[in-house]
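A.B. asks: next one to model:
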Amino acid sequence: MTCKQQNGFVNFAAGKIRVRRRLRFSGIGAVALLILVLLSTMFAPPVSAETAGDKALRGLANILTGVMAFPGEIYETWKKDGAAVGLTAGTARGLGMIVARELVGVFELLTSPVPWPDAGYRPILKPAYTWEYFQQ
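C.D. replies: Predicted coordinates for the structure are as follows:
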């Protein structure tokens, strides 16, 4: 039995069967595109003291380490206002900052090629990275 493919059909001796081809989304292609975009923004000339690459990396760091805002806020509040306030208000602030860090991280990563807000690439949150809570 011979078969031949021509114009989207496979010809058999008994008749034709239509062959459908699907376009497949390539995860490797998406990662390669993301890396290409990040590299192109990292090597762009700086507009201010911060660069697009800094903003992208800061966003990625906030996405990956946003949970560290929880103990960081407890620590900061404890240092400023004492143990009782640190354990109560610091816990509440820490839970809120986990959500804030994650959302700001996504925002900074997606808008890293654009010098916005404030016409620059400055960080939105202070401290810019979660590990800076503990560097003192």
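A.B. asks: going forward, measure contacts between C-alpha atoms and count neighbours the same way
C.D. replies: Noted.
A.B. asks: report the residue spans of the protein with pLDDT below the cut-off.
C.D. replies: For the chain, the stretches flagged by pLDDT under 70 are 1-26, 37-49, 136.
A.B. asks: max-length helix in it?
C.D. replies: Across the chain, the helix with the greatest residue count (assigned by DSSP state H) is helix 83-110.
A.B. asks: list the helices and strands it packs on?
C.D. replies: helix 52-65, helix 69-81 (3 or more Cα pairs under 8 Å, 6 or more residues apart in numbering; DSSP states H and E).
A.B. asks: number of residues surrounding the residue lying closest to residue 115 once chain neighbours are set aside?
C.D. replies: In this structure, residue 115 finds its nearest non-sequential neighbour in residue 121, 5.3 Å apart by Cα to Cα, 6 or more residues apart in numbering. A total of 25 residues lie near residue 121 under the criterion other Cα atoms under 10 Å.
A.B. asks: ok, now how distant is residue 121 from residue 113?
C.D. replies: Distance of residue 121 to residue 113, given as Cα to Cα, to the nearest Å: 9 Å.
A.B. asks: shared neighbours, these two?
C.D. replies: Jointly contacting residue 121 and residue 113 under the rule Cα atoms under 8 Å, 6 or more residues apart in numbering are residue 52.
A.B. asks: show residues contacting stretch 59-78.
C.D. replies: 84-87, 89-91, 93-95, 97-99, 101-109, 129-131, 133-134.
A.B. asks: next one: it to chain centre, how far?
C.D. replies: 16 Å (Cα atoms, centre = their mean, to the nearest Å).
A.B. asks: report the buried residues of that stretch.
C.D. replies: For stretch 59-78, the neighbour count (16 or more other Cα atoms under 10 Å) marks 59-63, 65-78 as buried.
A.B. asks: restricting to C-alpha, output stretch 52-60 in CSV.
C.D. replies: Extracted C-alpha coordinates of stretch 52-60, given in CSV (Å, rounded to 0.1, in the frame of the first residue of the first chain):
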residue,chain,number,x,y,z
ALA,A,52,16.6,48.2,32.8
GLY,A,53,18.6,45.1,33.7
ASP,A,54,18.7,46.2,37.3
LYS,A,55,15.0,46.6,37.3
ALA,A,56,14.4,43.2,35.7
LEU,A,57,16.7,41.5,38.1
ARG,A,58,15.2,43.3,41.1
GLY,A,59,11.7,42.2,39.9
LEU,A,60,12.8,38.6,39.5
